[in-house]
Each structure stands twice: as structure tokens, then as C-alpha cells.
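Chemist: return atomic coordinates for the entry below.
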Amino acid sequence: MKYGLVAIVLTGAAAALSVDKGVLVTQPSEATPVVGEISADETFLVRAPGSDESCRVRKAVMLGDVAELDAEPGCDDILPGLSRARHWQERDDGSVVVLAAGGKAIVSFSVADGVAYESFAPRSPLISLISEN
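Modeler: Next comes the predicted model:
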């Protein structure tokens, strides 16, 4: 009887911990579809026209208008400081700003013909982002 009561109390406690604001919370299984699942990361080739140098940046899934961004160390050869990029922020006008961890803009891009994006700030060097996905 004593062990049966302990089991009931533990079962009740586990059930109480599984309820959040009146909704039963369960862990997803492999068979559970994720509602609103978004596509995988995007990879871009970074190039400066007229140069043979290139590097890659990887943009994670967008959360609102911002995504995490990783740049290869070699990106500094194309634009000094680009390897410090940590965030990709999309603006209402369609432009994209690449930000350092502290929120300082490193480079700004606009949508371009023939490539995914072309930089407009800083004015030099001109940089293209070419989608690899």
C-alpha cells in the first residue's frame, strides 16, 4: 500500500510537470512532424568581381528578420572584418545587413540580377553573394 501511494504521487507529479498553461506538453518523437518547420541553412559564395578569391558564409534559419551567420576566416581577404560576421538582418526594403556580434554593420547588400546580392556599403570593395542552395 505504501509503495502504491508513492507511485501515485510520483505519477501525479510527473503529469503536473508535463502540463504547461493547461496544455499537455510531450516530447516530440521522430514520427512527430514539426509544425512550421523551415528549410535548412543557406550557404553563399562570397566573391569580389575581378578577383579569384572567394569564401563561404552560412546563414542559419531566419527567426523573424534576423538569422545567425558564420563566415569562413578567409573572408577577411575579401573584406577585412567579414569573418567577425555573426548576424544576417533583412530590412523592409529587401536589403540585408551583415552584423558583428555587437550589432555593428560590417557590410550591406541589396538584391541583384544574376547573383543573389551585391554590396552597397561600404562602397569598396564591391562584393557579391552567390547562393549555393
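
Chemist: residue ranges with poor pLDDT in the chain?
Modeler: Within the chain, the ranges that satisfy pLDDT under 70 run 1-40.

Chemist: strands of that one, start to end?
Modeler: 19-20, 23-24, 42-47, 54-59, 66-71, 85-90, 96-100, 105-111, 117-121, 128-131 (DSSP state E).

Chemist: Throw those strands into CSV and include distance to residue 77 and mean neighbour count, thanks.
Modeler: Glycine gets a C-beta too; all of them are placed from N, C-alpha and C. Below are these laid out as CSV (distance: least, C-beta to C-beta, whole Å; neighbours: other C-beta atoms under 10 Å):
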stretch, distance to residue 77, mean neighbour count
strand 19-20, 49, 9
strand 23-24, 51, 8
strand 42-47, 10, 19
strand 54-59, 7, 18
strand 66-71, 11, 18
strand 85-90, 14, 18
strand 96-100, 16, 20
strand 105-111, 14, 18
strand 117-121, 15, 17
strand 128-131, 15, 18
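
Chemist: would CSV of the ones you listed with distance to residue 79 be doable?
Modeler: Formatted as CSV, the strands of the chain follow (distance: least, C-beta to C-beta, whole Å):
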stretch, distance to residue 79
strand 19-20, 45
strand 23-24, 47
strand 42-47, 8
strand 54-59, 10
strand 66-71, 9
strand 85-90, 9
strand 96-100, 9
strand 105-111, 6
strand 117-121, 8
strand 128-131, 11
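
Chemist: just the terminal-to-terminal distance for stretch 75-82.
Modeler: In stretch 75-82, first residue to last residue: 6 Å (C-alpha to C-alpha, to the nearest Å).
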